[in-house]
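# could you work out the structure for the sequence below:
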Amino acid sequence: MLENRQRSEFLKGFLEEIEEKASKTGVYRVPFLEKMLQYMERDDDPDILIPPYIDTQKKIAVNAYSFDESQNVLDLYIADYNFDQNEQQLLTINMTMMTELANQAKRFFTNAKTLAHTIDHSLQARELAVLISDNISDIDEVNIFVITNMFYNSNKPIELSIPGVETVNVQVWDVDRILQIILAEQGVQTIHIDFAKDLGESFEMMYVPNAQHEGEMNYFTCYVGFIPAQLLAKAYDQWGSKLVERNVRSYLQAKGGTNKGILKTLKDPNERRMFVSYNNGISSVARSGEIEKINENINLYRIKGLTGWQIVNGGQTTASIHQAYKSDVDLSEVYVQAKLTILHVEANQEKDHQLLEDEMVSNISEYANTQNKINKSDLLANSRFMSELEKLSRNTWIPTNDGRKLESKWYFERARGQYAVDLNRRKRGKEQNEFKKQYPSEKTITKVDLAKHYMSCEGFPHISSKGGEEAFKRFMEQNKQFWKYEKDDNDETIPLSEVTLEVYQKLIARTIINRHVTNIVESMRLQGYRANVIYYTVSMLNHIYGNKIELVDVWNRQALSDKWDEVIRIIADKALFFLRASAGDRNVTQWAKQEACWVQFKDEYTKQLSNII
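I've put the predicted structure just below:
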């Protein structure tokens, strides 16, 4: 487990941020859930139920959900926020309590048919109950995410079953898991594994020749071979997410046809020996290794120990093998093909060392042949565009309009949790206070939020509604001139366009507009579909009145003029009415993710909303 001081420092800042946001609305679970979801980076942002569905008498509760129709996979989220949690006591939660929380979400599913008739029609939770009721015979997989601000110290998985559902997974997201992700995002984990001592066996691999020309530096050493599946399962059982948190961030479970196929193969005695032929294996990196040649005449090396070992491709394979291992499947004759890259990174400063390491690992992840889906937001986090935005945010002061000296900046998070790590590198007291004065927490912006804000301003509310991952992918496509290159007449590589100060300022201005609209929509206390209403309101505002809103002026003022407040309220009210009415029998949030929804909203309301101001 992480040291208590590290946990305490992170928890303090984490809780302060939730308190600050909750003080404006009086609601804690929503900002808590939103903050946790930033680290989880799901393909589709779940729909947060406002208010959440809670029946204390029947012990049923759910806070958010998402449904993948193509895979017939339902995700249910339940948030546990303990108001007594603090950085001194570091309150923990046990397995019994976590299981009960998961069961509360399970009961919503098993009681969905009844709830579809008893929940008030005005509540978003009824739509979830109807969705489950209408699709209950088709849903193959249910994932229950238990999210807590306490520390779950048990490594034991929570196992539930639902009659008629093939696969049920329970994922625990506690404060420790978030902190581990943040630390992993900043660099390769430095844990050392002595395979023989820690896991009872080592393994052999072949060295891949790498010709080194005079004056050139070899940045890596590569080995290929296979790893006993049982050794891999034991490693994951002992170190868990620390082995897979570099670059690939998706949570690990037996989701979709590929991974269900892995489990099926492992469980079949006649098939499991063919695993090495069926599966693409894993790609891994390490900072250093204890590696010895077995015989001078044979290209074979024993991998005795590794420092900073990370599986950058093959996390789902690893998790599936681990699940089979925990189910007592005999893995003694199962092997996994593997590639191991030892990184040799030289840099003057630790920060530069990490950036170079990040770039190499990102490239390995992107180009390796893998069965896993890799988040674009992770692969492109180290692109020139993202790095330039990070530099501009560290060097660009926020303008003041009252004659005071410049004293604060926006903080762009190129990597998740970067702000918290940056803050905790400084001593408590004066140093941390000075950092927070220069970079206020409310001026922090993540790469996926920047993308969602951009896409909504540019007239793609349906893309923003799909979630951060899809928004980021489209955002990078829209701005490819800032991270792609071309050859000049001298055959030298040059960027297509420079990331200028104005580019940065206009991006932040779009965030300021989105946050202004968010504050107004929240003050209206509209029932349901808050995120969709915000994105559609921003898009319609810009569609009709964008020629009257100067982004550089928004940057200079650090605000959108309050003359737009009433316009925003009217558009938001119409957006909510439209989304509900136009959806008909369809799920509102699924309808909001379609381009046809945005086109219809424009067609029906542009003229009506064009003469408000």
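
# going forward, measure contacts between C-alpha atoms and count neighbours the same way
OK.

# surely residue 564 is in a helix?
Yes. Under DSSP: H, G, I helix; E, B strand; the rest coil, residue 564 falls within a helix.

# what's the burial count for it?
Under the neighbour criterion other CA atoms under 10 Å, residue 564 is assigned a count of 16.

# also the one 5 residues further on?
If you count neighbours by other CA under 10 Å, residue 569 ends up with 17.

# kindly report the same for residue 426.
14.

# please, which helix or strand holds the residue nearest to it when sequence neighbours are not counted?
Closest residue to residue 426 apart from its sequence neighbours, by CA to CA, 6 or more residues apart in numbering: residue 432 at 5.7 Å. Per DSSP states H and E, residue 432 falls inside helix 430-438.

# what mean pLDDT does that helix have?
Averaged across helix 430-438, pLDDT comes to 90.

# contacts only, for residue 419.
411, 413, 444 (CA atoms under 8 Å, 6 or more residues apart in numbering).

# specify the beta-bridge partners of the last one.
Okay, so that is residue 444. Listed beta-bridge partners, residue 444: residue 411 (assigned using DSSP bridges).

# so what's it up against?
410, 411, 412, 413, 419.

# distance to residue 101 and pLDDT added to those, as TSV?
Below are those laid out as TSV (distance: CA to CA, whole Å; pLDDT from 0 to 100):
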residue	distance to residue 101	pLDDT
410	37	97
411	35	96
412	35	95
413	32	91
419	31	85
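
# so which of the residues you listed comes closest to residue 83?
Of all the contacts of residue 444, residue 83 sits closest to residue 419, with 23.7 Å by CA to CA.

# relative to residue 8, how far out is that closest one?
Computed as CA to CA, to the nearest Å, the residue 419 to residue 8 distance reads 16 Å.

# ok, now residue 392?
Distance of residue 392 to residue 8, computed by CA to CA: 31 Å.

# same question, residue 531
32 Å.

# compare those two (neighbour count), which wins?
Using other CA under 10 Å as the criterion, residue 531 and residue 8 rank with residue 531 on top: 19 against 16.

# my read: that one touches residue 466, true?
No. Using CA atoms under 8 Å, residue 531 and residue 466 do not qualify as a contacting pair, with a distance of 10.3 Å.

# quick one, phi/psi of the residue of the chain most remote from its centre?
In the chain, the greatest distance from the average C-alpha position (CA atoms, centre = their mean) is reached by residue 297, at 47.6 Å. The phi/psi pair for residue 297 (degrees, to the nearest 10) reads phi -90, psi 0.

# restricting to C-alpha, output the top helix by length along the chain in PDB.
Longest helix in the chain by number of residues (criterion: DSSP state H): helix 501-524. Output of helix 501-524 as PDB, limited to C-alpha atoms (Å, rounded to 0.1, in the frame of the first residue of the first chain):
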ATOM      1  CA  LEU A 501      -0.600  32.000 -27.700                       C
ATOM      2  CA  GLU A 502      -3.900  33.000 -29.400                       C
ATOM      3  CA  VAL A 503      -4.700  29.300 -30.100                       C
ATOM      4  CA  TYR A 504      -4.200  28.600 -26.400                       C
ATOM      5  CA  GLN A 505      -6.300  31.600 -25.300                       C
ATOM      6  CA  LYS A 506      -9.200  30.700 -27.600                       C
ATOM      7  CA  LEU A 507      -9.200  27.100 -26.300                       C
ATOM      8  CA  ILE A 508      -9.400  28.400 -22.700                       C
ATOM      9  CA  ALA A 509     -12.100  30.900 -23.700                       C
ATOM     10  CA  ARG A 510     -14.300  28.000 -24.900                       C
ATOM     11  CA  THR A 511     -13.800  26.300 -21.500                       C
ATOM     12  CA  ILE A 512     -14.800  29.600 -19.800                       C
ATOM     13  CA  ILE A 513     -18.000  29.700 -21.900                       C
ATOM     14  CA  ASN A 514     -18.800  26.100 -21.100                       C
ATOM     15  CA  ARG A 515     -18.300  26.600 -17.400                       C
ATOM     16  CA  HIS A 516     -20.400  29.800 -17.500                       C
ATOM     17  CA  VAL A 517     -23.300  27.900 -19.100                       C
ATOM     18  CA  THR A 518     -22.800  25.000 -16.600                       C
ATOM     19  CA  ASN A 519     -23.200  27.400 -13.600                       C
ATOM     20  CA  ILE A 520     -26.400  28.800 -15.100                       C
ATOM     21  CA  VAL A 521     -27.900  25.400 -15.900                       C
ATOM     22  CA  GLU A 522     -27.100  24.100 -12.400                       C
ATOM     23  CA  SER A 523     -28.700  27.200 -10.900                       C
ATOM     24  CA  MET A 524     -31.900  26.400 -12.900                       C
END
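
# list the helices and strands whichever helix or strand comes after it packs on?
Sequence-wise, the next helix or strand beyond helix 501-524 is helix 530-545, with elements assigned using DSSP H and E. Using 3 or more CA pairs under 8 Å, 6 or more residues apart in numbering; DSSP states H and E, the elements in contact with helix 530-545 are helix 447-457, helix 461-466, helix 501-524, helix 565-583, helix 595-609.

# immediately after helix 530-545, which helix or strand?
Following helix 530-545 in sequence, per DSSP H and E, is helix 551-557.

# could you report the neighbour count for residue 402?
Considering only other CA under 10 Å, residue 402 is surrounded by 6 other residues.

# distance of it from residue 556?
12 Å.

# do residue 50 as well
Taking CA to CA as the measure, residue 50 falls 34 Å from residue 556.

# who's more crowded, the two?
Set side by side, residue 50 and residue 556 show more neighbours around residue 50, with 19 against 15, by other CA under 10 Å.

# go ahead and confirm that one touches residue 527.
Yes. Residue 50 is in contact with residue 527 according to CA under 8 Å; the separation is 6.7 Å.

# shared neighbours of those two, which are they?
With CA under 8 Å, 6+ apart as the test, residue 50 and residue 527 both reach residue 124.

# shaky segments in the stretch 401-550 of the chain?
Within the stretch 401-550 of the chain, the stretches with pLDDT under 70 are 425, 488, 491-493.

# repeat that with 90
Scanning the stretch 401-550 of the chain for pLDDT under 90 picks out 401-407, 414-433, 441, 467-470, 473, 480-498, 522, 525-530.

# re the thing from before, mind checking how far the residue farthest from the centre of the chain is from residue 221?
Between residue 297 and residue 221 the computed distance is 20 Å (CA to CA).

# got the buried residues for stretch 6-14?
Neighbour counts over stretch 6-14 (16 or more other CA atoms under 10 Å) mark 7, 8, 9, 10, 11, 13, 14 as buried.

# stretch 97-104 too?
Buried residues in stretch 97-104, counted by 16+ other CA under 10 Å: 98, 99, 101, 102, 103, 104.

# next: stretch 414-426.
414, 415, 416, 417, 418, 419, 420, 421, 423, 424.

# span of that stretch from start to end?
So stretch 414-426: terminal residues 19 Å apart, CA to CA.

# what's the burial count for residue 268?
There are 12 residues near residue 268, going by other CA under 10 Å.

# pLDDT at residue 123, what is it?
Looking at residue 123, the pLDDT reads 85.

# and the gap between it and residue 59?
Where residue 59 is concerned, residue 123 sits at a distance of 19 Å (CA to CA).

# repeat for residue 133
Separation of residue 133 from residue 59 (CA to CA): 19 Å.

# host element of the nearest residue to residue 162 once chain neighbours are set aside?
Among residues not flanking residue 162 along the chain, residue 168 sits closest, at 7.0 Å (CA to CA, 6+ apart). For residue 168, the host element (DSSP H and E) is strand 167-173.

# what's next to that strand, contact-wise?
Residues outside strand 167-173 that contact it (CA under 8 Å, 6+ apart) are 102, 140-148, 157-162, 253.

# what's the helix or strand for residue 54?
strand 47-55.

# so which bits of that strand are buried?
Across strand 47-55, burial judged by 16+ other CA under 10 Å covers 47, 48, 49, 50, 51, 52, 53, 54.

# great, nothing more from me.
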